[in-house]
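Trainee: no sequence on this one, just coordinates:
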């Protein structure tokens with residue numbers, strides 16, 4: 001079977017077959033009527049600035065999608081924050097890209113949602129280790145999309161091995177409850193010792209300590225078992241019996257310190273979000289965040305023609321005319337018509353992406369991460 005999981009192929013995406021049916025009808029109709037106007041189209045979520053910033057990403061895949069087509073495109077830099085106005089602009093004959101709209105919006109909408117949620121987690125624990133643990137909540141074919149968005153937003157790593165191969169990053173993670181089950185209740189020390197003997201020295205010794213006994217007891221047993229080799233303990237207490245999670249973490253920290261294990265870190269996971277992370281930062285050293293990222297709402301982008309054969313046009317509720325966007329010195333996001341003067345000392349945010357069908361921008365994930373975190377500080381997200 002050539003496609004055992006029924007996923008849409010890269011070829012279908014690039015050929016414009018991964019589209020909504022009405023774009024095929026549109027092509028048929030325009031070709032029949034011999035119409036193919038020169039247009040400018042923009043991708044937007046909100047028409048005006050809202051003050052509620054999202055992270056823009058997915059533009060690398062959009063560039064790949066548009067490459068080789070007779071058009072020009074400009075876009076915000078990967079990782080830039082926005083709160084209104086266009087994030088992408090395409091200029092060319094409409095039928096050059098008409099059937100690409102569905103895939104193009106998907107390339108932007110979901111990754112931008114993932115990255116925005118990951119940034120929220122990052123800012124909730126700015127001085128802690130924060131890892132993406134959410135790949136199990138999405139289709140495996142988009143695991144790399146999740147993990148790249150998490151890295152772009154400043155998370156320190158992720159758990160998915162295949163995504164790591166694609167992104168050239170080492171996946172993080174130590175042991176699941178299944179490993180503890182295989183050794184059985186009362187044999188936790190054997191499980192941790194076997195892990196220590198079997199796994200590469202490069203892997204941190206983080207013992208899972210909430211499987212059979214209470215978190216304090218298993219944490220102390222792990223410290224006694226592995227001694228100086230123990231880097232930390234992970235508490236993944238399920239929400240159904242978690243109670244006061246902060247109290248549990250504080251109690252574990254106290255008992256470890258009381259017995260001289262001050263260097264043993266505490267890592268928390270299991271349904272965490274920014275609100276649950278913030279009060280734990282004073283006592284825990286790291287966090288695994290999953291469903292908060294993968295369950296994020298996609299950014300509701302749409303693509304609209306705003307100029308046709310040189311004349312402004314729009315549907316009701318949208319803004320006609322080609323636009324530019326700026327970052328103001330105060331950290332604001334300013335939207336204006338492209339043929340009008342921008343704000344004083346405003347930084348234009350659009351940069352060339354495609355010229356005559358060729359990609360004219362490079363994509364560096366580390367640079368995008370720096371850009372995202374720096375821009376978050378400029379616009380005041382998380383403050």
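Mentor: Yep, it's here. All of these numbers come straight from a predicted model, not from anything done at the bench.
Trainee: Mean confidence (pLDDT) on stretch 52-66, please.
Mentor: Rounded to a whole number, the mean pLDDT of stretch 52-66 is 97.
Trainee: ditto for stretch 21-33
Mentor: Stretch 21-33 comes out at a mean pLDDT of 97.
Trainee: do the same with stretch 367-383
Mentor: The predicted model assigns stretch 367-383 a mean pLDDT of 93.
Trainee: got the buried residues for that stretch?
Mentor: By neighbour count, and taking 16 or more other Cβ atoms under 10 Å as the criterion, the buried residues in stretch 367-383 are 368-369, 371-373, 375-376, 378-379, 381. Where you see a C-beta, it was placed from the backbone N, CA and C, and this is true even at glycine.
Trainee: try stretch 294-302
Mentor: Burial within stretch 294-302, assessed by neighbour count using 16+ other Cβ under 10 Å, is assigned to 294, 296, 298-299, 301.
Trainee: quick one: low-confidence ranges for the stretch 1-150 of the chain?
Mentor: Filtered on pLDDT under 70, the stretch 1-150 of the chain yields the residue ranges 1.
Trainee: ranges for the helices of it?
Mentor: Remark: helices of the stretch 1-150 of the chain, listed N- to C-terminal, are 10-14, 21-32, 59-66, 101-124, 143-152; assignment by DSSP state H, counting those that start in this stretch.
Trainee: Need the winner for burial among the ones you listed.
Mentor: Neighbour counts averaged per stretch over the helices of the stretch 1-150 of the chain are highest for helix 143-152, at a mean of 26; criterion: mean count of other Cβ atoms under 10 Å.
Trainee: Specify the angle between it and helix 59-66 in degrees.
Mentor: Computed by axes from the mean of the first three to the mean of the last three Cα atoms, to 10 degrees, the angle separating helix 143-152 from helix 59-66 equals 140 degrees.
Trainee: how is the protein carved up into domains?
Mentor: The chain breaks down into these structural domains: 10-113+297-379, 124-294 (assignment by automatic domain parsing).
Trainee: Can you measure across the first one, start residue to end residue?
Mentor: Pointing back at domain 10-113+297-379 there. Across domain 10-113+297-379, the straight-line distance between its terminal residues is 36 Å, by Cα to Cα, to the nearest Å.
Trainee: remind me which residues of the stretch 251-383 of the chain are low pLDDT?
Mentor: Scanning the stretch 251-383 of the chain residue by residue, the ranges that satisfy pLDDT under 70 are 383.
Trainee: got the end-to-end distance for stretch 2-17?
Mentor: This stretch, stretch 2-17, spans 18 Å end to end (Cα to Cα).
Trainee: who touches that stretch?
Mentor: With Cβ atoms under 8 Å, 6 or more residues apart in numbering as the test, stretch 2-17 has contacts from 18, 23, 64-65, 99-100, 103, 139-141.
Trainee: still on that earlier bit, pipe the domains of the chain into CSV and attach distance to residue 4 per row.
Mentor: Output for the domains of the chain, formatted as CSV (distance: least, Cβ to Cβ, whole Å):
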stretch, distance to residue 4
domain 10-113+297-379, 16
domain 124-294, 12
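Trainee: Surely residue 278 is within a strand?
Mentor: No - residue assignment for residue 278, taken from DSSP: H, G, I helix; E, B strand; the rest coil, gives helix, which places it outside any strand.
Trainee: Please name the nearest non-neighbouring residue to it.
Mentor: Nearest residue to residue 278 in three dimensions, chain neighbours excluded: residue 124, at 5.2 Å (Cβ to Cβ, 6 or more residues apart in numbering).
Trainee: Tell me who's in contact with that neighbour.
Mentor: With contact set as Cβ under 8 Å, 6+ apart, residue 124 has these partners: 274-275, 277-278, 281, 382.
Trainee: Let me know which of the helices of the stretch 1-150 of the chain is the nearest to residue 53.
Mentor: Taking Cβ to Cβ as the measure, those were each checked against residue 53, and helix 101-124 came out nearest at 8.1 Å.
Trainee: mind listing the strands for the stretch 101-250 of the chain?
Mentor: Along the stretch 101-250 of the chain, counting by DSSP state E, counting those that start in this stretch, strands occupy 129-132, 157-158, 206-208, 232-235.
Trainee: Compare the ones you listed and report which one is nearest to residue 86.
Mentor: It's strand 129-132; of these, that one is closest to residue 86 (Cβ to Cβ) at 28.9 Å.
Trainee: Which neighbouring elements make contact with the closest one?
Mentor: For strand 129-132, the helices and strands in contact under the criterion 3 or more Cβ pairs under 8 Å, 6 or more residues apart in numbering; DSSP states H and E are helix 101-124, helix 143-152, strand 157-158, strand 286-289.
Trainee: The longest one relative to helix 59-66, how many degrees between them?
Mentor: By that I understand helix 101-124. Going by the same axes, to 10 degrees, helix 101-124 is angled at 170 degrees with respect to helix 59-66.
Trainee: Off-centre distance for helix 101-124?
Mentor: Between the centre of helix 101-124 and the centre of its host chain there is 5 Å, according to Cα atoms, centre = their mean, to the nearest Å.
Trainee: Residue 380 and residue 204: what is the separation?
Mentor: Using Cβ to Cβ, to the nearest Å, residue 380 is found at 34 Å from residue 204.
Trainee: can you check residue 170 too?
Mentor: Taking Cβ to Cβ as the measure, residue 170 falls 12 Å from residue 204.
Trainee: same question, residue 293
Mentor: As defined by Cβ to Cβ, residue 293 lies at a distance of 22 Å from residue 204.
Trainee: more crowded one of those two?
Mentor: For residue 293 versus residue 204, neighbours defined as other Cβ atoms under 10 Å are more numerous around residue 293 (30 against 16).
Trainee: For residue 237, give me the pLDDT.
Mentor: In this prediction residue 237 is given a pLDDT of 67.
Trainee: and what of the one 4 residues further on?
Mentor: Residue 241 carries a pLDDT value of 60.
Trainee: before we move on, back to that, taking the buried residues of stretch 294-302 one by one, which sit in helices?
Mentor: Residues of the buried residues of stretch 294-302 located in helices (DSSP state H): residue 294.
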